[in-house]
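K.L.:
Got a sequence here, can you build the structure:
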Amino acid sequence: MPETRKENLFFSVIIPVYNRPGEVEELLDSLTKQTEKNFEIIIIEDGSVEKCEEIVKSYSEKLNIKYFFKENTGPGTSRNYGAKRASGNYFIIFDSDCIIPENYIKIVKTKLYKNYTDAYGGPDRAHKNFTNFQKAINYSMTSFFTTGGIRGKSEKIDKFYPRSFNMGYSKEVFQKTGGFSKMRFGEDIDMSIRILNSGFNTKLFKEAFVFHKRRTNIKQFFKQVYNSGIARINLFKKYPESLKLIHSVPSFFVLGIILILIFSVKFPFLLIFIFLHILILFFDASFKNKSIVIGLLSILTSYIQLTGYGLGFLNAFFKRVIFKKNEFEAFKNTFYK
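P.N.:
All right, here's what the predicted structure looks like:
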């Protein structure tokens, strides 16, 4: 990293918000506890009805914080809105439903000083105070047995693609790429692809994790993963090289479950494959979370994750690849929920 960058490195933490004042308060509270204090925070209220302006004001003496309200356009363009108003030369992006460990900023700063990278991403974990259902969702979104293990924990499978709940990139990256696209789902992967295609480098900072709440009920979680499946095909249409075999696993899972259920009428022993998968999920989740209850809930959330993503992927595959329709997404008005 050039010496001038070391001397002038200043972080702008950019957070888009939509109707989540309570979560913003938890996020800001965690940022007051950072051991490294050299950063600013930019909150972009994306057309919320339930505004967090008063909560932001209550932290104005504890944090270097700016608040902006704008019409609703989605998280990606709201991040760009914040980046254009940022004072820093390196942007850190969080989702509003995150809680940040106290050493996060210090870890990122140390890593950038030691081995500078144009963009980075970090993993997520479940906080001890999360509900059992939130912990189960976290398991299903990060487990190898649901394909969630490829999300921000390993960079050996392919080039590393940071995700927007926990990522950072330089001001130079923003200026050259133009920031996030107008895609409302998969916009973070789209951004990461354009970062790499623009000649910048990315790295995984494993130690720079966040506590990510994710969705808080079955309906919201299903919508999220269903749209993620659609987004993968939308990304494939823009960047054909981006689609890997691993991305189609949930769709094969859905088709496999359907076939097993159909043929099990004549060959009941086929149900053993579903039973074995359920057992693996249960014991793995119970062991990792030290809770049988979370183990049981993880069976439900894992099947929602796999079937939701798989159905979205298949829907988009037939519409966009087979029938050549234009880009689309489901649940368009609930992209934050």
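K.L.:
where are the low-confidence patches of the stretch 151-300 of the chain?
P.N.:
151-158 (pLDDT under 70).
K.L.:
Run through the helices of it in chain order.
P.N.:
171-177, 187-197, 218-238, 249-263, 271-289, 292-316 (DSSP state H, counting those that start in this stretch).
K.L.:
Restricting to C-alpha, output the fifth one in PDB.
P.N.:
In other words, helix 271-289. The C-alpha trace of helix 271-289 is given here as PDB (Å, rounded to 0.1, in the frame of the first residue of the first chain):
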ATOM      1  CA  LEU A 271     -37.500 -41.600   1.700                       C
ATOM      2  CA  ILE A 272     -34.400 -42.700   3.500                       C
ATOM      3  CA  PHE A 273     -32.300 -40.100   1.500                       C
ATOM      4  CA  ILE A 274     -34.500 -37.300   2.800                       C
ATOM      5  CA  PHE A 275     -34.400 -38.700   6.400                       C
ATOM      6  CA  LEU A 276     -30.600 -39.000   6.300                       C
ATOM      7  CA  HIS A 277     -30.300 -35.400   5.100                       C
ATOM      8  CA  ILE A 278     -32.600 -34.200   7.900                       C
ATOM      9  CA  LEU A 279     -30.500 -36.100  10.500                       C
ATOM     10  CA  ILE A 280     -27.300 -34.600   9.200                       C
ATOM     11  CA  LEU A 281     -28.700 -31.100   9.400                       C
ATOM     12  CA  PHE A 282     -30.100 -31.700  12.900                       C
ATOM     13  CA  PHE A 283     -26.900 -33.100  14.400                       C
ATOM     14  CA  ASP A 284     -24.700 -30.600  12.700                       C
ATOM     15  CA  ALA A 285     -26.800 -27.600  13.700                       C
ATOM     16  CA  SER A 286     -27.300 -28.900  17.200                       C
ATOM     17  CA  PHE A 287     -23.600 -29.400  17.700                       C
ATOM     18  CA  LYS A 288     -22.500 -26.100  16.300                       C
ATOM     19  CA  ASN A 289     -25.200 -24.100  18.300                       C
END
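K.L.:
which residues are in contact with that helix?
P.N.:
126, 135-136, 139, 143, 145-146, 257, 260, 264, 292, 294-296, 298-299, 302 (CB atoms under 8 Å, 6 or more residues apart in numbering). No exception for glycine: its C-beta is placed from N, CA and C like everyone else's.
K.L.:
Would you mind listing which of these are buried?
P.N.:
With burial judged by 16 or more other CB atoms under 10 Å, the buried subset of the contacts of helix 271-289 is 126, 135-136, 139, 143, 145-146, 257, 294-296, 298-299, 302.
K.L.:
contacting residues around Val293?
P.N.:
Asn132.
K.L.:
if I look at it, how far off is Lys62?
P.N.:
Relative to Lys62, Val293 is positioned 37 Å away (CB to CB, to the nearest Å).
K.L.:
coming back round to it: now distance to Ser30 too, for the helices of the stretch 151-300 of the chain, in JSON lines please.
P.N.:
Output for the helices of the stretch 151-300 of the chain, formatted as JSON lines (distance: least, CB to CB, whole Å):
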{"stretch": "helix 171-177", "distance to Ser30": "25"}
{"stretch": "helix 187-197", "distance to Ser30": "21"}
{"stretch": "helix 218-238", "distance to Ser30": "22"}
{"stretch": "helix 249-263", "distance to Ser30": "32"}
{"stretch": "helix 271-289", "distance to Ser30": "22"}
{"stretch": "helix 292-316", "distance to Ser30": "23"}
